[in-house]
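K.L.:
Sharing a model prediction with you, sequence too.
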Amino acid sequence: MNLRNLVVYITSLLWLNLTDAKIGYFWHITDLHYDPFHSSREIHRGCKYNRGDTEHGHRAGRHRDHTCDSSWSLIQSAAAFMAERHPDTLEFVLWTGDILSSSMEHESEETKLEAVRNVTDVLSRTFSSQFVFPALGHNDPPPSRRLVDMWMQWLPTEALQTFETGGYYTIEQSRSKLRIVVLNSVLWAGGAAKTDGPHRGRSQWEWLEHVLSKARRKNEMVYLVAHAGPGVDERHNAGSSSAAGGGELTPTANTRLLHVIRAFSDVIAGQFYGHRHADTFRLVYSEGRPVSWALLGPSVTPRGAGSMSNPGLRLYKFDSNTGKVLDYTQYYLDVTNTRGEVHWAVEYNLTQYYGLREVSATSLDSLAKKIRNFHDRTTLTKYVTALRVRHVTDVSDCDAACTHVHFCAITRADFHEYRTCVRNPASALASRAPQIPAAVILYAFLILISC
Ligand SMILES: *[C@@H]1O[C@H](CO)[C@@H](O)[C@H](O)[C@H]1NC(C)=O
Ligand SMILES: *[C@@H]1O[C@H](CO)[C@@H](O)[C@H](O)[C@H]1NC(C)=O
Ligand SMILES: [Zn+2]
């Protein structure tokens, strides 16, 4: 075979590969935080929006708009928007928990389940020919027969068995080599004891390793899906006892999950989490190399713990043959600028917004480094704008230390490494200009020996 034939041959192989990609889509929705008593709270606290009441909306102002969880009308508008944006090849929906408002904590089990049923019914009507894969959050009822009855329309028998006892399950996408693994992060979170015995949390670890080993043997790619994922919330003191509450993974669970992700990074095609009410990402490294990524979707509720955001919905584009994530489109609802109408719009597309050639641990690692670059704030500005879904667009008060904290949160999923990173901005930045200290040392040395 001469060179020219070889080129033609390779080109045709590449072409086959490209045309082989079967484009599919899936929604990732998270942290709906439905508050059935929203309208009565409205009267008392004035958290009013998307009601067509411009006058009131203006007076209530920015802050108040973001102090209440999702009203029924906000959830309906999100569902209606997703129905309208329905791509033909929508394959499934990932729904990563915190279905209910934390203000419902003291409501009866009955009321909570009724609220979950109402949201389930909306999603079931919206996605009448797709499967929705729910993951439990810390504001949700624990797994039970009644949740099983609600969700059996989406989950096969085998999945329902592990779901009923532990709240976790796995789904095999029959038409592709993709496996979805839905974890119950509540079992690994600070407050787990009150909802479950410790043995179940332990069996989830064994189950997870078993499922991942089996996927490796069968050449499947895996999506890890959960409410809370590994890593820190840059707004909290990572790994402190207070941060371990509120659904965050305990330091032990975080370390162990990172270990599993590293060990199976060849099998894990992506990780999808919610919980933070923020649009961000986390990277996992092994021996300094980026080996796995996690993309965190923003919440549907505009209310956040300490910081607010606009409601977001995310549509992923992927190769449904291989599971490779190709891109996503982030949609949002500008709560504060809505003049009496609910207008969901495109916020950005991942690869285009950040100029990524592909969605991979390596490309996202380069992105993290661009975010850290304090001399060119373009990427940082984009990141911080997306982080709160355009609720905060001014980054002028994010100084070098603040920029560095964002970088540490993205690249140091281990609690201990995160704290070290935050304490030592110089060490993390050292790699940028190693020549200078080296030259200084050499110069000092020359002076020393010349004396
Ligand atoms: C659920 O929906 C029903 C029927 O629309 C309604 O009457 C009920 O108040 C709702 N309950 C909750 C908790 O959302
Ligand atoms: C983003 O992607 C969507 C879906 O592929 C496309 O319809 C839309 O035009 C893109 N938007 C921008 C701003 O590029
Ligand atoms: Zn939440």
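P.N.:
Arrived safely. Ligands and ions are numbered 1, 2, ... in the order given.

K.L.:
Buried ones in stretch 315-325, by neighbour count?
P.N.:
315-321, 323-325 (16 or more other CB atoms under 10 Å). Just so you know, the C-beta spots here come from the backbone N, C-alpha and C atoms, and that holds for glycine as well.

K.L.:
Repeat that for stretch 141-150.
P.N.:
By neighbour count on 16+ other CB under 10 Å, the buried set for stretch 141-150 is 141, 143, 147, 150.

K.L.:
what sits against the first one?
P.N.:
Pointing back at residue 141 there. Residues in contact with residue 141 (CB atoms under 8 Å, 6 or more residues apart in numbering) are 100, 109, 112-113, 116, 147.

K.L.:
Just the buried subset of these, please.
P.N.:
Buried among the contacts of residue 141 by 16+ other CB under 10 Å: 100, 112-113, 116, 147.

K.L.:
between the buried residues of stretch 315-325, which is closest to ligand 1?
P.N.:
When the buried residues of stretch 315-325 are ranked by distance to ligand 1 (CB to the nearest ligand atom), residue 315 comes first, at 26.4 Å.

K.L.:
OK, contacts around the closest one?
P.N.:
With contact taken as CB under 8 Å, 6+ apart, residue 315 is in contact with 25-28, 85, 87, 328-329, 331.

K.L.:
Closest to ligand 2 out of these?
P.N.:
Nearest to ligand 2 out of the contacts of residue 315 is residue 329 (CB to the nearest ligand atom; 4.4 Å).

K.L.:
Got phi/psi on that closest one?
P.N.:
phi -110, psi 130 (degrees, to the nearest 10).

K.L.:
Repeat that for residue 217.
P.N.:
Backbone torsions for residue 217, taken as degrees, to the nearest 10, come to phi -60, psi -40.

K.L.:
same deal with residue 387?
P.N.:
phi -50, psi -40.

K.L.:
can you tell me how far residue 145 sits from ligand 2?
P.N.:
Distance, residue 145 to ligand 2, using CB to the nearest ligand atom, to the nearest Å: 40 Å.

K.L.:
Touching, that residue and residue 163? I think so.
P.N.:
No - Residue 145 is beyond contact range of residue 163, at 10.6 Å (criterion: CB atoms under 8 Å).

K.L.:
anything in contact with each of those two?
P.N.:
Common contact partners of residue 145 and residue 163 (CB under 8 Å, 6+ apart): none.

K.L.:
Flag every residue of this protein that's near ligand 1.
P.N.:
36, 111, 114-115, 118 (CB under 6 Å from any ligand atom).

K.L.:
What part of the protein, helix or strand, is modelled with the least confidence?
P.N.:
Lowest by mean pLDDT, DSSP states H and E among the helices and strands of the chain is helix 54-65, with a mean of 37.

K.L.:
near ligand 2, which residues of the protein?
P.N.:
Residues of the chain lying near ligand 2 (CB under 6 Å from any ligand atom): 329, 346, 349, 352.

K.L.:
Of all pairs in those residues, which one is the farthest apart?
P.N.:
Within the residues of the chain next to ligand 2, 346 and 352 form the most distant pair, 10.6 Å apart (CB to CB).
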